[in-house]
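[1] A predicted structure for the sequence below; I have some questions about it.
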Amino acid sequence: MTTHTRNKLIPLADAVRRFAFSGMQYASGAALPVGSDAIAFGRELVRQSVGDLHAIFHANTQQLNLLCAVGAVAKAECGFTGLEGFGFANGLRRSVESGQVVLEDYSNLAMAVRLLAGAMNWPFAPATVNIGSDVERRSAFAPNEYPAQSKIPIIQDPFTGRPLGAFSPLKPDLAAIHVPLADPAGNAIMLGTEWSRFELSRAAKRVILIADCIVDTACMRQFPNLVRIPDLLVEAVVWWPFTAWPQASPGVYDGDEAHMKLMNQMLGSEDGTREYVERFVTPAGQRESYLELIGAETIARLSAGPTAFLLDPYRRWLLPDATVRELEAANTDKSERLAA
Amino acid sequence: MTTHTRNKLIPLADAVRRFAFSGMQYASGAALPVGSDAIAFGRELVRQSVGDLHAIFHANTQQLNLLCAVGAVAKAECGFTGLEGFGFANGLRRSVESGQVVLEDYSNLAMAVRLLAGAMNWPFAPATVNIGSDVERRSAFAPNEYPAQSKIPIIQDPFTGRPLGAFSPLKPDLAAIHVPLADPAGNAIMLGTEWSRFELSRAAKRVILIADCIVDTACMRQFPNLVRIPDLLVEAVVWWPFTAWPQASPGVYDGDEAHMKLMNQMLGSEDGTREYVERFVTPAGQRESYLELIGAETIARLSAGPTAFLLDPYRRWLLPDATVRELEAANTDKSERLAA
Amino acid sequence: MNYTRQEMMAIATGREIRDGELAIFGVGLSMLAGFFAIAHHAPNVRAMTEGGIYGATPIGGLPWGIECNRISANATSFTSGLDALGCLVASGRCDIGIIGAAQVDRFGNVNTTGIWGGEIGAHYGPPKTRLTGSGGANDIAVGCKRYLIMASHEKKRFVERVDYISSPGYLDGGNARAAYGFVGGGPSAIITTLGILRPDLLSKEFFLEAYFAFSSVDEILADTGWNLRVSPTVSIVAEPSDAELLALRSVDVTGMLRRAA
Amino acid sequence: MNYTRQEMMAIATGREIRDGELAIFGVGLSMLAGFFAIAHHAPNVRAMTEGGIYGATPIGGLPWGIECNRISANATSFTSGLDALGCLVASGRCDIGIIGAAQVDRFGNVNTTGIWGGEIGAHYGPPKTRLTGSGGANDIAVGCKRYLIMASHEKKRFVERVDYISSPGYLDGGNARAAYGFVGGGPSAIITTLGILRPDLLSKEFFLEAYFAFSSVDEILADTGWNLRVSPTVSIVAEPSDAELLALRSVDVTGMLRRAA
């Protein structure tokens, strides 16, 4: 069926060139700080100097940490803003404390509910979280409203009269979503918690998948209940091994603990950030140079993690690298091909 | 881990005895009229004469058709009330036209949203469907309100002032949910559309799984992203092959078109219903007699359908019948064992 | 005539579907019309069902329902009703939907809930004839950018005012829909067994735009329960081409539309 | 003393968890406390994370986060944040949660958002020190039937009034929570590095219930930034039993709690 094997594979640089723009509302991963996120997409945003972002991250990740550190973010809306076991997110922290990034706080459930409201096209969603706390009463986007009225207006349940918070929907201009497995048409399988990737894929105006591995569509027909992001929602698919590095992708690779710490430490200062970009962002614009930078030994170690068995049922459908490259080449920008 | 292999398998008759009661808000399958539904549970409700039900069915199925036909239903809330390609649901139709069943109409999305509201513990959920139509303005539960105010109150979005319908949450006392695969602890895998089984499993006060097949928990650890109903939500698991017969269970069996027609035809009259119960309900209280009634030839034919490949990845974890029987026996009511 | 009346209706409906659209089909005739369009002129239509079945094409005959194994056998994704009707339809993403009607009125309002035999009155009691309820049709009528109504053209079905609005067309006509802020634009056509009705741009009252070669304006007026206006440019709908018939019959493998002529 | 101060805190926390409960744990200390309880006295606890990971036990050391592969390696179900925090926590299904605190005040309100150095004032500007935000803690504080607060007992953290309420305890005390209709009952204890604080039944102000064997009432009063009331029956918390230490150390395989003493 030509309908369902439409090839949407494009190179990472093309994806940023075609779909990203300065000033956009940008959402990613819908991830947690140590797991799935399309960090590779953020690295390319930095390489192409896309800035003035309004970042919508369900929770902070090393991507948001990096984007804040390099000054690419003007506004952010977030639930959790740390790095869990790795401590505070130094890049984000620095930029918030300096006032460079205006950060609007919500709880993690509130962010999920707002993405759901965006997905369902509800003008608001009701919830009882956040009300009564400063998450409701303080708004960084409306700093002179106290208590804030425009952030989470209080409404009454028409059945009981009970007070509720009304949460505004999120509809980011672009979502770059990390998945372990995608087919060339844009059907995606997630392994590990979805966190809010399902809701985000429906809430965003445009969705790009960044996939660790590309599989044949036959894999999706064998496991259609796993395909929680169907192709009809997806504009483009990027193949990028170790997309989430140094974070983890359950089933495919473990988190790189040493680099998690190194990266966060470097993002703690302007000089460190400059050095991080020079060493780990600028020279890693191609899959080959990126993987070289991570290092063969590290790659082997991270790939042999305790969740590797989760990938086993799908391995037989993994497309050979050469096939993926061919599919990608068929969609590559002409300008890109001329330049190469 | 004892925590996760807790055995919740019980016989069907025990499940009805322990968890069902006359007058309860009863939800099932969250199914479509030709697919997944715990129809076997409804047959046992009839055998045990559980009545005065307030039925909450996302869409009608042969189960609701049967329960209405035998007079077990007093009130119902429903989206679609037909049998799709099989025409009108004669049992339901007869009972609604006679006034025996008071049927409150919603759209299919409204039912899903109400189940979501129940699951999230929202006092209401907003939506723009149903408003402006007689689904909003006519209430069978408040027949003298015109236009109805209590069914779908109109509220204003606090951000835009736009009118919206407020939908009341559904929290049925008991949900009997059909799944193709469950483990003894109550982890369940669905094949084919979930319809609203995910939302229902969270909205209901108590959940019982009725599973076509029982698998080892190792299957769930291999495919945790498929386990959309985790054990912590589930009170009991019933093993009942061909649970949804004559409807379909994708991956396990096809719909039985001849019986779909025969059943609906018989439910069209009181005499026919009496005969249906005598022939197809009363004598089918045990798995053996039930399967005998369907017939070996039909079973073989329905099992060899075009979706059978969907079950392949899980077959190696299917527990042998003897093992399931042993697990079930360990939980069987003492009274039951004495009577046997 | 080398085609049946039912085939004409399915083809006329399918012609309304454009390539690349996100389309939601029900069972039966509407699914045949949709998959005919894909087979004939709209190969990149992204078809879905309200059950959350994506990327599937029916096999082995027409499905009995949208969860039938005939449509579940080759899907690329299964999700849920909330996703399909909420995230994809109510969100305004869906380009086109097709719904059926037991009654339809001059403003394209559809009744599939029950027949009371006229005004229900202040007290809401059981209908004389209970139908199938709204199902997902109300959601499609409210959410899809546009939708098509398919109905058998009979006087008892084409009424001045439906007994019960299950799925809103243009309500009382004009701008009446605007009061509700629906994301969907309303019904773009009523495809009947005899011809095609379209809404007037301003009044939103449906008029006769064209009739099938085997029908006539007079037949249609006689079978319509309201004073149906006829377009000054009323024309005959193009008969099925050989390519269209070939495509339709490749979809209608069990010949349902030929039997029902 | 055959145990560390951190081990005492984890064990005291774990003792609050009862068999069969549905419990939500964060990373680090709270997860160790929870899995200690499972290993020691509550084998039927149903543990979950706010990421929607069910049925898992960490392997190979303490997870770095709730989506870490160490907790994803043997789960029986993965869903989503909306499911975990919405359907299971906000719904009121969850029996117990554990959250941390950078600041906590006399009514058990928790700040994990930022340090402004006192009152923020009418204009909301950046904090001197940005912390981690609420994350799921606000949702746990509002939804869980009861929850525990774990905090290092220092004067700068135990303050009269937190700079910012990230997660509501008893707000202004008394019935203040009731105005919001939260399904959750509020914090049932603050477990510190020195002892255990409980809320007064009526005023909801936290008082000192018990102190650890290596601490004292005086030390705790000196390290608390408000005028902490002491229970007339203040007592010493039972020291860890051998069985408790064995269970805890079987969970704390990398010895995190012993290093951090």
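    Ah, there it is.

[2] And the strands in the stretch 101-250 of chain A, which stretches?
    For the stretch 101-250 of chain A, the strands defined by DSSP state E, counting those that start in this stretch cover A:102-105, A:125-127, A:154-156, A:163-167, A:174-182, A:188-189, A:206-214, A:227-229, A:236-239.

[3] and those as JSON lines, adding distance to chain C, mean neighbour count and mean pLDDT?
    Bear in mind the C-beta positions are built from the backbone N, C-alpha and C, glycine included. Listed next are the strands of the stretch 101-250 of chain A as JSON lines, based on distance: least, CB to the nearest CB, whole Å; neighbours: other CB atoms under 10 Å in any protein chain shown; pLDDT from 0 to 100:
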{"stretch": "strand A:102-105", "distance to chain C": "24", "mean neighbour count": "23", "mean pLDDT": "98"}
{"stretch": "strand A:125-127", "distance to chain C": "12", "mean neighbour count": "25", "mean pLDDT": "94"}
{"stretch": "strand A:154-156", "distance to chain C": "17", "mean neighbour count": "16", "mean pLDDT": "96"}
{"stretch": "strand A:163-167", "distance to chain C": "16", "mean neighbour count": "23", "mean pLDDT": "96"}
{"stretch": "strand A:174-182", "distance to chain C": "12", "mean neighbour count": "29", "mean pLDDT": "98"}
{"stretch": "strand A:188-189", "distance to chain C": "9", "mean neighbour count": "28", "mean pLDDT": "98"}
{"stretch": "strand A:206-214", "distance to chain C": "12", "mean neighbour count": "25", "mean pLDDT": "98"}
{"stretch": "strand A:227-229", "distance to chain C": "4", "mean neighbour count": "24", "mean pLDDT": "98"}
{"stretch": "strand A:236-239", "distance to chain C": "14", "mean neighbour count": "25", "mean pLDDT": "98"}
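
[4] Let me have those strands in CSV, adding distance to residue B:210 as columns.
    As requested, the strands of the stretch 101-250 of chain A are exported to CSV (distance: least, CB to CB, whole Å):
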stretch, distance to residue B:210
strand A:102-105, 44
strand A:125-127, 33
strand A:154-156, 40
strand A:163-167, 36
strand A:174-182, 32
strand A:188-189, 28
strand A:206-214, 36
strand A:227-229, 25
strand A:236-239, 39
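
[5] So for residue B:328, which of the ones you listed sits nearest?
    Nearest to residue B:328 among the strands of the stretch 101-250 of chain A is strand A:227-229; the distance by CB to CB comes to 33.1 Å.

[6] residues in contact with that closest one?
    A:177, A:179, A:186-190, A:194, A:197-198, A:201, A:207, A:209, A:220, C:54, C:76-79 (CB atoms under 8 Å, 6 or more residues apart in numbering or on different chains).

[7] out of those, which touch chain D?
    When contact is defined as CB under 8 Å from any CB of the partner chain, these meet chain D at A:190, A:194, A:197-198.

[8] Please produce CSV containing the residues you listed, extended by neighbour count and pLDDT.
    Below are those laid out as CSV (neighbours: other CB atoms under 10 Å in any protein chain shown; pLDDT from 0 to 100):
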residue, neighbour count, pLDDT
A:190, 25, 97
A:194, 26, 96
A:197, 29, 97
A:198, 26, 98
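
[9] I'd assumed residue C:52 was in contact with residue C:80.
    Yes: between residue C:80 and residue C:52 there is a contact under CB atoms under 8 Å: 4.7 Å.

[10] who touches both of the two?
    Counting by CB under 8 Å, 6+ apart, the shared contacts of residue C:80 and residue C:52 are B:193-195.

[11] Tabulate the residues you listed in CSV, adding columns for distance to residue B:25.
    As requested, the shared contacts of residue C:80 and residue C:52 are exported to CSV (distance: CB to CB, whole Å):
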residue, distance to residue B:25
B:193, 24
B:194, 21
B:195, 19
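
[12] wait, which of these is closest to chain D?
    residue B:194 (11.9 Å; CB to the nearest CB).

[13] tally of neighbours for the nearest residue to the closest one once chain neighbours are set aside?
    Nearest in space to residue B:194, with sequence neighbours left out and distances taken as CB to CB, 6 or more residues apart in numbering or on different chains, is residue C:80 at 4.3 Å. Residues lying near residue C:80 (other CB atoms under 10 Å in any protein chain shown) number 23.

[14] OK, contacts around residue C:80?
    By CB under 8 Å, 6+ apart, the contact set of residue C:80 is B:112, B:193-199, C:51-52.

[15] Go through those and flag which are in helices.
    B:112, B:197-199 (DSSP state H).

[16] and those residues near chain C, which?
    Restricting the ones in helices among the contacts of residue C:80 to those near chain C by CB under 8 Å from any CB leaves B:112, B:197-199.

[17] Could you look up the SS state of residue C:148?
    Residue C:148 falls in the strand class when you classify it by DSSP: H, G, I helix; E, B strand; the rest coil.

[18] so it touches residue C:188, yeah?
    Yes: here residue C:148 reaches residue C:188: they are 6.5 Å apart, a contact under CB under 8 Å.

[19] Chain B contacts on the stretch 51-200 of chain A?
    A:113, A:120-128, A:153, A:155, A:157-160, A:162, A:164, A:166, A:168, A:189-192, A:194.

[20] what bridges to the residue nearest the centre of chain C?
    Taking CA atoms, centre = their mean, the centroid of chain C lies closest to residue C:149, which sits 3.0 Å from it. On the basis of DSSP bridges, residue C:149 is bridged to residue C:99, residue C:190.

[21] just to revisit the earlier point, got any residues that touch both of residue C:148 and residue C:188?
    Residues touching both residue C:148 and residue C:188 by CB under 8 Å, 6+ apart: residue C:16.

[22] between these two, who's got more neighbours?
    residue C:148 (25 against 16).

[23] can you pull the contacts of the closest residue to chain D within the stretch 51-200 of chain C?
    The nearest approach of the stretch 51-200 of chain C to chain D comes at residue C:82, 11.6 Å away (CB to the nearest CB). Residue C:82 is in contact with B:109, B:112-113, B:115-116, B:196, B:199, C:52, counting by CB under 8 Å, 6+ apart.

[24] Neighbour count, distance to residue A:33 and pLDDT for the residues you listed - can I get that in a markdown table?
    Formatted as a markdown table, the contacts of residue C:82 follow (neighbours: other CB atoms under 10 Å in any protein chain shown; distance: CB to CB, whole Å; pLDDT from 0 to 100):
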| residue | neighbour count | distance to residue A:33 | pLDDT |
| --- | --- | --- | --- |
| B:109 | 31 | 35 | 97 |
| B:112 | 33 | 32 | 97 |
| B:113 | 33 | 32 | 98 |
| B:115 | 32 | 32 | 98 |
| B:116 | 29 | 28 | 98 |
| B:196 | 33 | 32 | 97 |
| B:199 | 27 | 29 | 98 |
| C:52 | 27 | 31 | 94 |
